[in-house]
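Visitor: Build me a structure from this.
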Amino acid sequence: MLINLGITLAAVVGLMALCWRISVSIRDVSFIDAIWAYGMVYAVAVAVLLNGGVAGPAGWALVVLVSLWGLRLGTHLITRWRRLGRDPRYEKILGNAMKGSGEKQGMSFAKAAWFRAFGMQGPLLWGVSLPAQAGVLADNGAPLPLWGVAGAAIALIGIAFESIGDAQLERFRADPASKGKVMDKGLWRYTRHPNYFGDFTAWWGIFIVGIAAGAPWWTVVGPLFLSFTLTKWSGAPLLEHSLKKHRPGYEDYIRRTSGFFPLPPKRG
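Guide: Alright, predicted model coming up:
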C-alpha cells in the first residue's frame, strides 16, 4: 500500500506541475481551488487503477462519494473563476512573494506560483484524501458494515450541506439588491461557513467509509488536517479577516451567528 500511495503522490505532483505551467502562461493561479477538488478525484482514480479496479461495495462507496464531492465543488469553483477572474487572495500571496524585502530579491511569478500555490497544495490534497485512496487500495470486495453505511450517510449530508450553501450564496450574489450586504439567510443563518462545514462533514464521513474498506487508522491525518485548515488556518480565519474590513454589518453577523457548527442564531 505504501508503494502505491507513493505512486498516487507522484501522480498528484505531476498534475500540479502541469497546472502550474498553465498558470505561468496565463499569469493567474486562481483556478487552483478547483484543482484542489478535482485533484482528490484524480488521486482516488489513480488508486483504483493501481488496485486493478473497484472490488466491492466499500470501494464503490468511496469512488462515488469522492466523485460527487470533488466534481461538484471543482465545477462550481472553476465556473466562478471564469466569471470573476483573478482571486484577490492569491494576488496578494503571490504579490508579497514577488516583492521581497530589504535587499532580498523577490521571486519570479513562476517561482511564486509553484512555491506558494501548486507545489504546496499538491501534497496537501494528497494527504487530505488519504482515507479514500488507502480504502480503495485495501478494498477486497467485503460487504460494507452498518457503521460504514453510517459514514457514507454522514458524507452525503456534508455534500448536500455544502452544495445547498453554495447555491444559496450564488443566488444572493446574483441579486443586485444584495450588493454590500451580508448573506444571513438559509443555511447562512445558522453557520457563517456552510461550505466549510459541509467539507468537514463530508471528509469525516469518507474517512469512516475508508476505515470500513480497510484503510489504516493513521489516515485520520487527512480529516484532522482538513479540520485544522478550515477552522484555524486558510479557511474561515483568512476569509473573515477580509470580510470584517470590507463588509459593513459583518461584525454584527459574527455576534449572532455560529462560526462553524450550525446552531440557532443568538438573540439581540
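Visitor: who touches A202 in this structure?
Guide: Going by CB atoms under 8 Å, 6 or more residues apart in numbering, A202 touches 65, 69, 154-155, 158-159, 162. C-beta here means a position set from N, CA and C on the backbone, and glycine is covered the same way.
Visitor: Give me the below-cutoff pLDDT ranges for the stretch 101-250 of the chain.
Guide: 101-105, 235, 238 (pLDDT under 70).
Visitor: could the contacts of A202 go into TSV alongside secondary structure?
Guide: Formatted as TSV, those follow (DSSP: H, G, I helix; E, B strand; the rest coil):
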residue	secondary structure
L65	helix
W69	helix
I154	helix
A155	helix
G158	helix
I159	helix
E162	helix
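Visitor: what is the mean pLDDT for stretch 23-42?
Guide: Stretch 23-42 comes out with an average pLDDT of 96.
Visitor: tell me which residues of that stretch are tucked away?
Guide: Going by neighbour count (16 or more other CB atoms under 10 Å), the buried part of stretch 23-42 is 23-24, 28-42.
Visitor: likewise stretch 161-176?
Guide: Neighbour counts over stretch 161-176 (16+ other CB under 10 Å) mark 161-163, 165-166, 168-169, 172 as buried.
Visitor: Among those residues, which one lies nearest to L146?
Guide: For the buried residues of stretch 161-176, the residue nearest L146 by CB to CB is F161; the value is 22.7 Å.
Visitor: Identify the residue nearest that closest one in space, chain neighbours excluded?
Guide: Nearest in space to F161, with sequence neighbours left out and distances taken as CB to CB, 6 or more residues apart in numbering, is G198 at 3.9 Å.
Visitor: pretty sure that neighbour contacts I154?
Guide: No - G198 lies out of contact with I154 (CB atoms under 8 Å); the separation is 11.2 Å.
Visitor: which residues sit in contact with Y253?
Guide: Neighbouring residues of Y253 by CB under 8 Å, 6+ apart: 182, 184, 192.
Visitor: I figured the first one was touching I254, is that so?
Guide: In this case it means V182. No - the criterion here is CB under 8 Å, and V182 misses it with I254 at 9.6 Å.
Visitor: quick one: which of these two has more around it?
Guide: V182 (19 against 15; other CB atoms under 10 Å).
Visitor: give the contact list for the more buried one.
Guide: The contact partners of V182, by CB under 8 Å, 6+ apart, come to 247, 249-250, 252-253.
Visitor: picking up where we left off before, which ones among the buried residues of stretch 23-42 map onto helices?
Guide: Mapping those onto helices (DSSP state H) picks out 23-24, 32-42.
Visitor: the helices in the stretch 1-150 of the chain, which residues?
Guide: Assigned by DSSP state H, counting those that start in this stretch, the helices in the stretch 1-150 of the chain fall at 2-26, 32-50, 57-84, 88-99, 109-113, 119-128, 130-138, 146-174.
Visitor: export the buried residues of stretch 161-176 to CSV and tack on distance to A138?
Guide: Listed next are those as CSV, based on distance: CB to CB, whole Å:
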residue, distance to A138
F161, 28
E162, 27
S163, 29
G165, 32
D166, 32
Q168, 38
L169, 37
F172, 42
